[in-house]
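Student: Here is a sequence with its predicted model. Questions after.
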Amino acid sequence: METKSEVNVGKFVGRHLSQIKVVSRLLEHELEAAKGNREVPIDRHLVESVLDMLEIFTDDCETVSGTARERGKVETKPVVARLN
């Protein structure tokens, strides 16, 4: 039987997978737009936004699951609000 914290982590991750799906579809679109080309041009702002989203997602998952505390190094990163 799962403990309450494990159930909450599962729900948390399930709710936040939409962020990963959006990034996946975006990258698929960029690949399709560059069909036939060996290189895929991606706007720098787009790459920065994708990296920000991935960092927020992984930080949130580590916070909820407690893995950052288990490693003994909880970093407090400054929060940057982006207005896209």
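Tutor: Sure, I can see it.
Student: From now on I want contacts and neighbour counts done on CA atoms only, so please keep to that.
Tutor: OK.
Student: neighbours around the residue lying closest to V50 once chain neighbours are set aside, how many?
Tutor: Among residues not flanking V50 along the chain, V23 sits closest, at 6.8 Å (C-alpha to C-alpha, 6 or more residues apart in numbering). The number of residues packed around V23, counting by other C-alpha atoms under 10 Å, is 16.
Student: Can you give me the separation between V23 and L54?
Tutor: To L54, V23 is 9 Å away according to C-alpha to C-alpha, to the nearest Å.
Student: Can you report how many residues lie near V50?
Tutor: V50: 19 neighbours (other C-alpha under 10 Å).
Student: which SS class is it?
Tutor: helix (DSSP: H, G, I helix; E, B strand; the rest coil).
Student: Test my guess that it contacts R25.
Tutor: No. Shown here, V50 and R25 do not form a contact pair, counting by C-alpha atoms under 8 Å, at 11.8 Å.
Student: Give me the neighbour count for T58.
Tutor: T58: 11 neighbours (other C-alpha under 10 Å).
Student: So in the protein, where's the weakest helix or strand by average pLDDT?
Tutor: helix 67-70 (a mean of 58; mean pLDDT, DSSP states H and E).
Student: what helix or strand is the residue nearest to V50 on?
Tutor: helix 4-33 (DSSP states H and E).
Student: same for that helix, what does it pack against?
Tutor: The contact analysis (3 or more C-alpha pairs under 8 Å, 6 or more residues apart in numbering; DSSP states H and E) places helix 4-33 against helix 44-65.
Student: Kindly export the helix it packs on (C-alpha atoms) in CSV.
Tutor: What follows is helix 44-65, C-alpha atoms only, in CSV (Å, rounded to 0.1, in the frame of the first residue of the first chain):
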residue,chain,number,x,y,z
ARG,A,44,17.4,31.6,-28.6
HIS,A,45,14.4,32.9,-26.6
LEU,A,46,12.5,29.7,-27.3
VAL,A,47,15.5,27.6,-26.0
GLU,A,48,15.7,29.7,-22.9
SER,A,49,12.0,29.3,-22.2
VAL,A,50,12.3,25.5,-22.6
LEU,A,51,15.2,25.3,-20.2
ASP,A,52,13.4,27.5,-17.7
MET,A,53,10.4,25.2,-17.8
LEU,A,54,12.5,22.1,-17.4
GLU,A,55,14.4,23.5,-14.5
ILE,A,56,11.2,24.5,-12.7
PHE,A,57,9.6,21.1,-13.4
THR,A,58,12.6,19.2,-12.1
ASP,A,59,13.0,21.5,-9.1
ASP,A,60,9.4,21.1,-8.2
CYS,A,61,9.6,17.3,-8.5
GLU,A,62,12.7,17.2,-6.3
THR,A,63,11.0,19.3,-3.7
VAL,A,64,7.9,17.2,-3.6
SER,A,65,9.7,13.9,-3.7
